[in-house]
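Trainee: Dropping a prediction and its sequence here:
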Amino acid sequence: MGPLLTILRRLLLPFSWLYGFITDWRNSLYDRGLTPVTSFDLPVISMGNLTVGGTGKTPHLEYLIRLLSPSFVLATLSRGYGRRTRGFRIATNQDTAETLGDEPLQVYQKFGKTVRVTVGEKRAEAIPNIRSAFPEVGAILLDDAYQHRAVQPRVNLLLTDYNHPFYTDHPFPAGNLRERRNGAERADAIIVSKCPPTLTDQERQQIQQKILPYAKAPVFFSGIRYGQPVAVHTNTQATGKVILVSGLARPELFEAYAQQQFTVGQHLAFGDHYAYTPKDWQRIEQVWQQNGRGWVLTTEKDAVKLKTLVPPDFPLFVVPIEVYFLESNPLNFDEWLLERSGLHVKKA
């Protein structure tokens, strides 16, 4: 953080205190039962964060899908950030990022054959709609719902980025927190995401000690594993310099991975959930030409939007990612989640 940004954040601290007071007051209304909270008789697993974006919620949601879908019929529910529609919506083959949101569309394109993917701003109203449309659903996964207090989940998972932990941050606008750090006390478990594979037991203990003043929940540690780039169109090849295109809250890991694996010509970094236009594609293609007409690498979230703009002979590739949990935890995350949620994997 540069000196000017540090000074600016200090000047904004009084506004962060005010913002923190407002979110504390809102939370107190739920805690004291003055604002209604709805619970349901089937497992509802919520995942979210205290920080504005960048903790890896969607890859962790996909981890839960891979863990649970072989044994249970699942539905996912998110707000559908960035979509131009409103209200409850069930994903179909006709949906786009504009009608569904980029991350729900990504989930639908990967898991839509077995998972019921839905969006809806008001989760407490959307869940009964899911149960009516899909009576067979045995569990619902809520994406980015940590601050959505109108629903009482059976399991509340809080993610925090290893590189930007919540306990070093401040509420908006001096920092990136959606509420004060003590909001972590609502978590049933805390997942420290994007950890390096070399994280030592001593480092884990230090992180746990820094979390302890804010939450007594078990702490798990996860990392990101990148797969081999996959061509959006099968008749293209990845040769020469690569141009990176991303619309992420924190693109540093994506860029570091590419720098280690390939010869990177340039990284075009757009804002999180960026809605690409034909003009943006013209810029990408121009940069690609200036760097020797090699290939372009993007993320799964960006690919669902870019591929509608890309000619079939253009070498656009997407890198898949998966979450894994670091070993040596006192608790195994999979076993803990199944026990906490009341879900029991069917024996073969």
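Mentor: Good, I have the coordinates.
Trainee: Contact partners for residue 152?
Mentor: By C-beta atoms under 8 Å, 6 or more residues apart in numbering, the contact list for residue 152 reads 37-39, 44. Just so you know, the C-beta spots here come from the backbone N, C-alpha and C atoms, and that holds for glycine as well.
Trainee: Export those as a markdown table, with columns for secondary structure and neighbour count.
Mentor: A markdown table is the format used below for the contacts of residue 152 (DSSP: H, G, I helix; E, B strand; the rest coil; neighbours: other C-beta atoms under 10 Å):
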| residue | secondary structure | neighbour count |
| --- | --- | --- |
| 37 | coil | 13 |
| 38 | strand | 13 |
| 39 | coil | 10 |
| 44 | strand | 24 |
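Trainee: can you count the residues close to the closest residue in space to residue 151 that isn't next to it in sequence?
Mentor: Of all residues not flanking residue 151 in the chain, residue 123 sits nearest, at 4.8 Å (C-beta to C-beta, 6 or more residues apart in numbering). By other C-beta atoms under 10 Å, 25 other residues sit near residue 123.
Trainee: Check the gap between residue 123 and residue 147 for me.
Mentor: According to C-beta to C-beta, to the nearest Å, residue 123 and residue 147 sit 11 Å apart.
Trainee: Over to residue 34?
Mentor: Residue 34 is 17 Å from residue 147, by C-beta to C-beta.
Trainee: neighbour count winner among these two?
Mentor: residue 147 (15 against 8).
Trainee: got the contact list for the nearest residue to the more buried one once chain neighbours are set aside?
Mentor: Spatial nearest neighbour of residue 147, chain neighbours left out: residue 178 (5.7 Å); criterion: C-beta to C-beta, 6+ apart. Taking C-beta under 8 Å, 6+ apart, we find residue 178 in contact with 23, 49-52, 147, 171-172.
Trainee: make it 10 Å
Mentor: Counting by C-beta atoms under 10 Å, 6 or more residues apart in numbering, residue 178 touches 19, 23, 48-53, 146-147, 166, 171-172.
Trainee: same check, this time on residue 334
Mentor: Here residue 334 is in contact with 63-64, 67-68, 325, 345 (criterion: C-beta under 10 Å, 6+ apart).
Trainee: Kindly recompute the last result at 7 Å.
Mentor: residue 67 (C-beta atoms under 7 Å, 6 or more residues apart in numbering).
Trainee: do you know how far it is from residue 287?
Mentor: 42 Å.
Trainee: Under the pLDDT cut-off, which ranges of the stretch 201-348 of the chain? List them.
Mentor: Along the stretch 201-348 of the chain, segments meeting pLDDT under 70 span 328-329, 345-348.
Trainee: returning to that earlier point: ok, so of the contacts of residue 152, who is nearest residue 228?
Mentor: Of all these, residue 228 sits closest to residue 44, with 35.0 Å by C-beta to C-beta.
Trainee: How much space separates that closest one from residue 115?
Mentor: Distance from residue 44 to residue 115, by C-beta to C-beta: 15 Å.
Trainee: Which secondary structure element is home to residue 156?
Mentor: Using DSSP states H and E, residue 156 falls within strand 155-161.
Trainee: Could you identify the helix or strand that succeeds that strand?
Mentor: Heading C-terminal from strand 155-161 (DSSP H and E), you reach strand 189-193.
Trainee: List the buried residues of the helix of greatest length in the chain.
Mentor: The helix spanning the most residues in the chain, taking DSSP state H as the definition, is helix 3-31. Residues of helix 3-31 classed as buried by neighbour count (16 or more other C-beta atoms under 10 Å): 12, 16, 19-20, 23, 27.
Trainee: Please apply the same query to stretch 86-93.
Mentor: Buried, per 16+ other C-beta under 10 Å, within stretch 86-93: 88-91.
Trainee: Among those residues, which one sits closest to residue 266?
Mentor: residue 91 (33.9 Å).
Trainee: What values do phi and psi take at the closest one?
Mentor: As for residue 91, its main-chain torsions (degrees, to the nearest 10) stand at phi -70, psi 140.
Trainee: doesn't residue 112 make contact with it?
Mentor: Yes - the pair residue 91 / residue 112 is scored as a contact, 6.3 Å apart, by C-beta atoms under 7 Å.
Trainee: I'd say residue 81 and residue 273 touch.
Mentor: Yes - look at residue 81 against residue 273 with C-beta under 7 Å: they come within range, at 5.7 Å.
Trainee: between those two, which one's more packed in?
Mentor: Using other C-beta under 10 Å as the criterion, residue 81 and residue 273 rank with residue 273 on top: 19 against 15.
Trainee: Next one: the more buried one from residue 148, what distance?
Mentor: 18 Å.
Trainee: try residue 274
Mentor: Counting by C-beta to C-beta, the gap from residue 274 to residue 148 is 24 Å.
Trainee: Show me where the stretch 51-200 of the chain has its helices.
Mentor: 57-68, 97-100, 102-111, 123-133 (DSSP state H, counting those that start in this stretch).
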